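Student: sequence first, then the predicted structure:
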Amino acid sequence: MAADLVDGLRILKRIGSNFYPGRLTEISAPDIYGIVIDKERGNKPHIFTQEEVLNEAVLEMKPIAVKELQIGTRVCAFWSNQMNYLHPGTVAGPDIDPDYVVIQLDDGDSRDIHIGQVRYLPENYPFVVPDQVHSTELLGSRKRVSTTVTTPSVEKKKKSTNDSTEHKKHTKHKSKKKKHKDCEWSVSVTEVSNSENKSTESLSDDSHASGDFDDQEVDLPPDRRISGSDKSAISAFLPPQHLLWSWADEGHKLSAKARKVYHDSIEKEDETMNVGDCAVFLSTGRPDRPYIGRIHSMWQTSAGSMKVQVRWFYHPAEVEGTAVGGGRVEDIKTEGALFSSSHYDENDVQTISHKCTVNKLEAFTSKGDDDTYYLAGEYDPLEGSIIFMPGIF
């Protein structure tokens, strides 16, 4: 009802065949509202009319106990902590684990899901027909808002009966990321599968410590220093003279059965980058606000793709929220400020442009070098909180 639309209301906004969690903001109530999507870069509200909100959003309601979820209850659920959206489905029954419930998704998949990942849909909510995804779309939304740190972690249940289902869903996730372009929320380069049958890597691990097991050993390609020209969908969109990164070390697996081969460094001509370095990433955004992140890990998938996990920095113009202890972002006078964040993403290694430097304030002199910045503070885009570094003002 229109009377329920109040500032701060937690809702699930339907985009295509998925639901995105967020909060409602009053822009010009009762006619115009904004929806701030959780974990989206910049916390910018998307503007909708009252009618659009009432027709395309539902209240976010969490079940307290599995026993509440009767067979046939309409729900939506996070399939993975790597996804910032929920899939609609129907409760199919309880699981042997008291904290899990079996859900039959509208897209045909079925699995047991932790109750903390489930949200109610209105009673008798209609079946959602899965979106048609076009494999020709290679430029999707930038995942910079997708975090693996601020999302509550649920222990993964290792059941052999779910191995094939997990693999199927991860394949689907890589394809679904292409649909973000249609929503035009943000711009980025995201690698997707070239065909529906192409095997993909698991997205379940956040770092080296998570492991990556599969039922079968996967042999390494003969040359581990694959340039990416034949494996990266991104390379087709780069200029002909653009040099591609290749591995600068032998790499290592986390276990005998691991599918990923982790690497510590990449190179092209006389330039080398290592895990822990800061880098400027290719983007179609504003040139005065390049995407800058710190390389957290790099690996090669069993299909030969070169991947990098990035922890992002934010420019002052992208920071919105309340400062802990006082202060305002607008009062920062020295050019070159960046804010660290807890947002991580996985991207194609070829989206790395070049190395840059992010110093502490005391080591920063001036913005004479375009690739030198300083750390002004910490920013949590989900909570909207800012912590300034001492001496920043």
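Tutor: Right, received. Where do you want to start?

Student: CA atoms for contacts and neighbours, from now on please.
Tutor: Will do.

Student: which segments of the chain make up each domain?
Tutor: For the chain, the structural domains run 2-59, 66-120, 208-388, going by automatic domain parsing.

Student: after the lowest-mean-pLDDT helix or strand in the chain, heading C-terminal, what element do we hit next?
Tutor: When the helices and strands of the chain are scored by mean pLDDT, DSSP states H and E, helix 180-183 comes last with a mean of 38. Later in the chain than helix 180-183, the nearest helix or strand by DSSP states H and E is strand 246-247.

Student: paired strands for that next one, with orientation please.
Tutor: Within its sheet, and counting by DSSP bridges, strand 246-247 is paired with strand 265-268 (antiparallel).

Student: contacts for the strand it pairs with next, please.
Tutor: 243-249, 272-275, 298 (CA atoms under 8 Å, 6 or more residues apart in numbering).

Student: mind listing the helices for the protein?
Tutor: 50-56, 163-176, 180-183 (DSSP state H).

Student: give me the mean pLDDT for the first one.
Tutor: This predicted structure assigns helix 50-56 an average pLDDT of 92.

Student: who are the packing partners of that helix?
Tutor: Using 3 or more CA pairs under 8 Å, 6 or more residues apart in numbering; DSSP states H and E, the elements in contact with helix 50-56 are strand 10-15, strand 32-37.

Student: kindly recompute the last result at 7 Å.
Tutor: Helix 50-56 sits against no helix or strand, with contacts defined as 3 or more CA pairs under 7 Å, 6 or more residues apart in numbering; DSSP states H and E.

Student: what does that helix contact?
Tutor: Helix 50-56 is contacted from outside by 13-14, 30-33, using CA atoms under 7 Å, 6 or more residues apart in numbering.

Student: if we go to 8 Å?
Tutor: With CA under 8 Å, 6+ apart as the criterion, helix 50-56 contacts 1-2, 13-15, 30-33.

Student: burial of residue 4, as a residue count?
Tutor: If you count neighbours by other CA atoms under 10 Å, residue 4 ends up with 9.

Student: ugh, wrong one, I meant residue 20
Tutor: Residues near residue 20, counting by other CA under 10 Å, number 20.

Student: in the sheet, who's paired with it?
Tutor: residue 13.

Student: residue 364 is in contact with residue 374, correct?
Tutor: Yes. Using CA atoms under 8 Å, residue 374 is in contact with residue 364, at 6.2 Å.

Student: flag the shaky bits of the stretch 51-200 of the chain, pLDDT-wise.
Tutor: Scanning the stretch 51-200 of the chain for pLDDT under 70 picks out 82, 131-200.
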